[in-house]
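Asks: just a sequence and a predicted model for now, questions to come.
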Amino acid sequence: MRGIKMKVDVIIPTYKPDKGFPEMIKRLEKQTLKPNRIIIMNTEEKYFEKLLYGTDFAREHPEVEVHHLSKREFNHGGTRHLGALHSSGDIFVCMTQDALPADNRLLEELTAPFLSDDRIAVSYARQLPEKDSGEIERFTRAYNYPEESCVKGKEQLSEMGIKTYFCSNVCAAYKKDIYQELGGFVRHTIFNEDMIYAAGAVQAGWKISYAAGARVYHSHNYSCREQFRRNFDNGVSQAQHTDIFSGVPSESEGMKLVKQTASHLIAVHKPWLVIKLIAASGAKYMGFWLGKHYKSLPARFVKACSMNKDYWL
């Protein structure tokens, strides 16, 4: 099975890419399973051209194609779906511009589950903390992205709850024919296009693979304000898709993470960070709760709370 050749495209939405982005492209080009094409869905051409000024990007990276769109045109689900339409691969991989492949086996490891189980619709990668990550962020990454791989389907819902649907487009591979059969990503969404798709796949009888051997460096040191806004958008997303999320509430999973993180901080002799954890967790919960009730809030307040303000235009 592992000898089967698959054509794989990589889709990367970008907005104001920084100096680390060219390194990401170089690492993708050096993969043991080489991408057929790297499809960049870039928001605002001027920022992309500014990063690459003085370089011959097209000549140096012939397998890369760039599609520009305006900020108003960008959408978490719709933009990735448009990228999928440009793909001619058997599999397409969605990545974010700040996900850095940890080694040259990322694509090979990420797509391997498709070869061993034809019921797998999606495979997502392990996210490793970056060097500047704090203790809380490091533990959170290890909690959400453990060392052991797993496969999730309907059978796991009673045990895993909302985590059955967990999937991340920071780095995730999609089997193209199943993607088309299921109708692809929801076109207009503020957040969670990956989990919404994964949930639909599970409910249709397909499976989700977590491929721990596929690794990318990706983490954030969000402030409490940023945590609030990010989780507000998460709450909005869940309120808009009650058919998926109402039966598997995520609050209990969040509380479990908080308790285990606090225990970890005490175990590593950093109890003072528990205060920071409580503040961040409070911001997350408040943002999430308000987001789930956004329909009863004033429009101006909703936009002020949101991380993705252009969604409300």
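Replies: Structure received. Numbering: from 1, shown residues only.
Asks: contacts only, for the closest residue to Glu147 other than its chain neighbours.
Replies: Residue nearest to Glu147 in three dimensions, not counting chain neighbours: Ala212, with 5.7 Å by C-beta to C-beta, 6 or more residues apart in numbering. (C-beta placed from N, C-alpha, C; glycine too.) Contact analysis of Ala212 by C-beta atoms under 8 Å, 6 or more residues apart in numbering lists Arg126, Tyr145, Pro146, Glu147, Glu148, Ser149.
Asks: what's the mean pLDDT across stretch 105-119?
Replies: Mean pLDDT, stretch 105-119: 96.
Asks: what is the nearest of the contacts of Ala212 to Ile190?
Replies: Tyr145 (23.4 Å; C-beta to C-beta).
Asks: tell me the phi and psi of Ile196?
Replies: Backbone geometry at Ile196, expressed as degrees, to the nearest 10, gives phi -60, psi -40.
Asks: what about it, distance to Trp206?
Replies: 14 Å (C-beta to C-beta, to the nearest Å).
Asks: the more surrounded of those two?
Replies: Remark: of Ile196 and Trp206, Ile196 carries more neighbours, 24 against 20, as counted by other C-beta atoms under 10 Å.
Asks: please identify which helix or strand holds Ala173.
Replies: strand 171-175 (DSSP states H and E).
Asks: check which helices and strands that strand sits against.
Replies: Packing partners of strand 171-175 (3 or more C-beta pairs under 8 Å, 6 or more residues apart in numbering; DSSP states H and E): strand 91-95, helix 106-116, strand 120-128.
Asks: and those: which comes nearest Lys309?
Replies: strand 91-95 (22.8 Å).
Asks: chain center to the closest one, what's the gap?
Replies: 11 Å (C-alpha atoms, centre = their mean, to the nearest Å).
Asks: about what we covered before: can I get the helices and strands packed on strand 171-175 in TSV with mean neighbour count?
Replies: Below are the helices and strands packed on strand 171-175 laid out as TSV (neighbours: other C-beta atoms under 10 Å):
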stretch	mean neighbour count
strand 91-95	26
helix 106-116	22
strand 120-128	25
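Asks: quick one: low-confidence parts of the stretch 51-200 of the chain?
Replies: Applying pLDDT under 70 to the stretch 51-200 of the chain picks out no residues at all.
Asks: now do the contacts for His81.
Replies: Gly184, Phe185, Arg187.
Asks: same thing with Ile38?
Replies: Applying C-beta under 8 Å, 6+ apart, the residues near Ile38 are Asp9, Val10, Ile12, Ile25, Leu28, Glu29, His61, Glu63, Val64, Glu65.
Asks: thought Val10 was touching the fifth one, still the case?
Replies: Yes: the pair formed by Leu28 and Val10 meets the contact definition of C-beta atoms under 8 Å, at 6.0 Å.
Asks: out of those two, which sits in the more crowded spot?
Replies: Counted by other C-beta under 10 Å, Leu28 and Val10 do not tie: Val10 has more neighbours, with 28 against 23.
Asks: and what about the more buried one, helix, strand or coil?
Replies: strand (DSSP: H, G, I helix; E, B strand; the rest coil).
Asks: Ala125 versus that one, what's the distance?
Replies: As judged by C-beta to C-beta, Val10 and Ala125 stand 12 Å apart.
Asks: give me the common contacts of the two.
Replies: By C-beta under 8 Å, 6+ apart, no residue touches both Val10 and Ala125.
Asks: picking that back up, give me the mean pLDDT for the helix or strand hosting the residue nearest to Glu147.
Replies: According to DSSP H and E, Ala212 maps onto strand 207-217. When pLDDT is averaged over strand 207-217, the result is 98.
Asks: so how far is that strand from its chain's centroid?
Replies: The answer for strand 207-217 is 12 Å, by C-alpha atoms, centre = their mean.
Asks: show the average pLDDT along the following helix or strand past it.
Replies: Going down the chain from strand 207-217, the next helix or strand is helix 224-240, by DSSP H and E. In this model, helix 224-240 carries a mean pLDDT of 95.
Asks: so what secondary structure elements neighbour the next helix-or-strand element following helix 224-240?
Replies: Using DSSP H and E, the next helix or strand after helix 224-240 towards the C-terminus is helix 242-245. Contact here means 3+ C-beta pairs under 8 Å, 6+ apart; on that basis helix 242-245 packs against helix 193-203.
Asks: and the angle for the helix it packs on with strand 91-95?
Replies: 140 degrees (axes from the mean of the first three to the mean of the last three C-alpha atoms, to 10 degrees).
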